[in-house]
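**Q** The following comprises the amino acid sequence and a computationally predicted model.
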Amino acid sequence: NAGVTQTPKFRVLKTGQSMTLLCAQDMNHEYMYWYRQDPGMGLRLIHYSVGEGTTAKGEVPDGYNVSRLKKQNFLLGLESAAPSQTSVYFCASSPDSLYGYTFGSGTRLTVV
Amino acid sequence: GENVEQHPSTLSVQEGDSAVIKCTYSDSASNYFPWYKQELGKRPQLIIDIRSNVGEKKDQRIAVTLNKTAKHFSLHITETQPEDSAVYFCAASSNYQLIWGAGTKLIIKP
């Protein structure tokens, strides 16, 4: 039982490049979330999903897109990376809104 | 929208003393309140949670209290140890997501 797995763990992008971050969970959770955390700061919600095939915008969605084609996977895409997107990205999942989240180990992204 | 305020932003206590972190929330419909601990360079991890039908919950040295009338909840850590040093986040449920506090950096002095 791996929990929540994020790939890759580290990535360096050049400004304007695109990439996809993958989040996979094996707990059959309905809800999945993508957060970013800047150094010394709290968690900011980018996008979330309440079930397969659904997505919704969070607090800071601009510059990101997501897809939830399969229940176990939640993909976060950056179409044209900017230095302001340098951050640590955490994925999380939960059975529903009244249970705690299980977080992945994070992806450290640097945009130069 | 929902707002969660967390205080203090930094808390320094002597090893063995107690620590208390407080949060207030604005959405009266919130009914789930978890607390997370994040060590440096690590992922946030759930340490304790409470639902609105309960006023207090304990787990060894950690306890959480909830006052729904006043819309505030608190984390209590007794007999603090060096491994308690971390950033602690409170959160409140609101519309399919959690609204997070800004975090409290807890420093345990030897």
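**A** That came in fine, so what should we check first?

**Q** Spell out which residues of chain A are next to chain B.
**A** Contacts of chain A with chain B, taken as Cβ under 8 Å from any Cβ of the partner chain, map to A:31, A:33, A:41-43, A:45, A:48, A:50, A:56, A:58, A:90, A:97-106. C-beta: built from backbone N, CA, C; applies to glycine.

**Q** So which of these are in helices?
**A** The members of the residues of chain A next to chain B all map outside helices under DSSP state H.

**Q** Out of those, which end up buried?
**A** Among these, those classed as buried by 16 or more other Cβ atoms under 10 Å in any protein chain shown are A:31, A:33, A:42-43, A:45, A:48, A:50, A:58, A:90, A:97, A:99-106.

**Q** Who are the contact partners of the residue nearest to the spatial centre of chain A?
**A** In chain A, the centroid-proximal residue (Cα atoms, centre = their mean) is A:W34; its distance is 3.1 Å. Shown in contact with A:W34 (Cβ atoms under 8 Å, 6 or more residues apart in numbering or on different chains): A:21, A:23, A:45-48, A:58, A:64, A:66, A:74, A:76, A:89-91.

**Q** repeat for A:T110
**A** Contacts of A:T110 (Cβ under 8 Å, 6+ apart): A:R11, A:V12, A:L13, A:T86.

**Q** Any figure for the gap between the second one and B:I62?
**A** Okay, so that is A:V12. Distance, A:V12 to B:I62, by Cβ to Cβ, to the nearest Å: 39 Å.

**Q** got it, and the first one?
**A** Distance check for A:R11 against B:I62: by Cβ to Cβ, it reads 36 Å.
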